[in-house]
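build me a model:
(2 chains)
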Amino acid sequence: MSWTTVLDVIGGICLLLGAFLCLAGAIGLVRFPDTLSRLHAATKPQTLGLILILSGLAATLRTWSAVTTLVLLAATQFFTSPVTAHLVGRAAYRNGNVDESTLEVDELSDALERSGWDPTK
Amino acid sequence: MTVVALLALALLGSAAAIVLVRLFRGPTNLDRIVAAEILMVIVIAGVATESAWQRTATNLPLLLILGLVGFVGGVAVTRFMSRDADDLDVEQAPARPVHPTAPVEDAADPTHPSDDQTDQTDQTDDPTDDQTERESHR
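Numbers count the residues shown, from 1 in each chain, chains lettered A, B, ... in the order given. Here you go, the predicted model:
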């Protein structure tokens, strides 16, 4: 059993796991009740699934140029996904789409209240 | 590898179909933005799977471009959504001067309530901004 076979098997397993995680994130997107929990399903399984698929592709291609490009792509995904999630969460809070009865911890509302700003008045 | 790639593409295809359901139904436009982001990630994953299947590196720049375009589009539309809710309320209130360089949160910053008394230009904005914030949260 040569190295290329081992890497091909690893790549195939990574591809399958990543596709499964993408499917799991999509199912969570449909089943979760409000925007913030959908955001949870959108960012974490999707990012991990994409990383797994990209590493599967890297294990399949096995050239340094491909690996560096894929690492760059994964890094941009790591950096841009939290930015989008933060902006969507902020817009959801400002537009009043957050159901406060579903929140276990609500540090933002508490901090706004302590700062003297009353959203109910 | 062909079987693995076809299986992965089937999983990704069903994931894309499910995401399209959310994109169609989504109660708010924010849900649609989230669904569009996921759809872009699924497209990237599909192209990556296809190039692993064909063992070609030609699609790698395409992957990079798709990732960056998806990010920029999502951020731009989300930012537009967040402002849009403010501007909708302002339409019913007295007209508010537009500050293209000032972010929205600066005008409604609750930590500096005394700024509005000292600054003459911002004094006229103050009731509008308060009402905007109130209505956008309730």
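
which residues in chain B form strands?
With DSSP state E as the criterion, chain B has no strands.

quickly list the domain ranges of it.
Following automatic domain parsing, chain B resolves into domains at B:1-92, B:97-138.

out of the ones you listed, name the one with the poorest average pLDDT.
Across these, domain B:97-138 has the smallest mean pLDDT, namely a mean of 49.

low pLDDT regions in chain A?
A:116-121 (pLDDT under 70).

and the strand or helix carrying residue A:46, what's buried?
Following DSSP states H and E, one finds residue A:46 within helix A:35-61. Buried residues in helix A:35-61, counted by 16 or more other CB atoms under 10 Å in any protein chain shown: A:35-36, A:38-61. (Each C-beta comes from the backbone N, C-alpha and C, glycine too.)

now the element after it, going C-ward?
The first helix or strand that comes after helix A:35-61 along the chain, using DSSP H and E, is helix A:64-95.

got the buried residues for that following helix?
Under the neighbour-count criterion of 16+ other CB under 10 Å, helix A:64-95 has A:66-67, A:69-70, A:73-74, A:77, A:80-81, A:84-85, A:87-89, A:91-95 buried.

what about it, distance to the chain center?
How far helix A:64-95 lies from its chain's middle: 8 Å, per CA atoms, centre = their mean, to the nearest Å.

the helix holding residue A:46 close to chain B?
Yes. With CB under 8 Å from any CB of the partner chain as the criterion, chain B is reached by helix A:35-61 at A:35, A:38-39, A:42, A:46-47, A:49-50, A:53-54, A:56-57, A:60-61.

is it true that residue B:15 touches residue A:29?
No. Applying CB atoms under 8 Å as the test, residue B:15 and residue A:29 come out as separate, 9.2 Å apart.

any idea how many residues pack against residue B:22?
The tally of other residues near residue B:22 (other CB atoms under 10 Å in any protein chain shown) stands at 25.

pretty sure it sits against residue A:27.
No. Residue B:22 is not in contact with residue A:27 according to CB under 8 Å; the separation is 10.1 Å.

packing partners for the helix or strand where residue A:18 lies?
In the assignment (DSSP H and E), residue A:18 maps to helix A:3-31. Identification of packing neighbours for helix A:3-31 by 3 or more CB pairs under 8 Å, 6 or more residues apart in numbering or on different chains; DSSP states H and E yields helix A:35-61, helix B:2-25, helix B:29-54.

packing partners of the second one?
Put plainly, it is helix B:2-25. helix A:3-31, helix B:29-54.

right, so these: which one is the most enclosed?
Among the helices and strands packed on helix B:2-25, ranked by average contacts under mean count of other CB atoms under 10 Å in any protein chain shown, first place goes to helix B:29-54 (a mean of 23).

gap between residue A:111 and chain B?
Distance, residue A:111 to chain B, by CB to the nearest CB, to the nearest Å: 10 Å.

ok now the host helix or strand of that residue, how far from the chain's centre?
Using DSSP H and E, residue A:111 maps to helix A:107-114. Here helix A:107-114 shows a centroid-to-chain-centroid distance of 26 Å under the convention CA atoms, centre = their mean.
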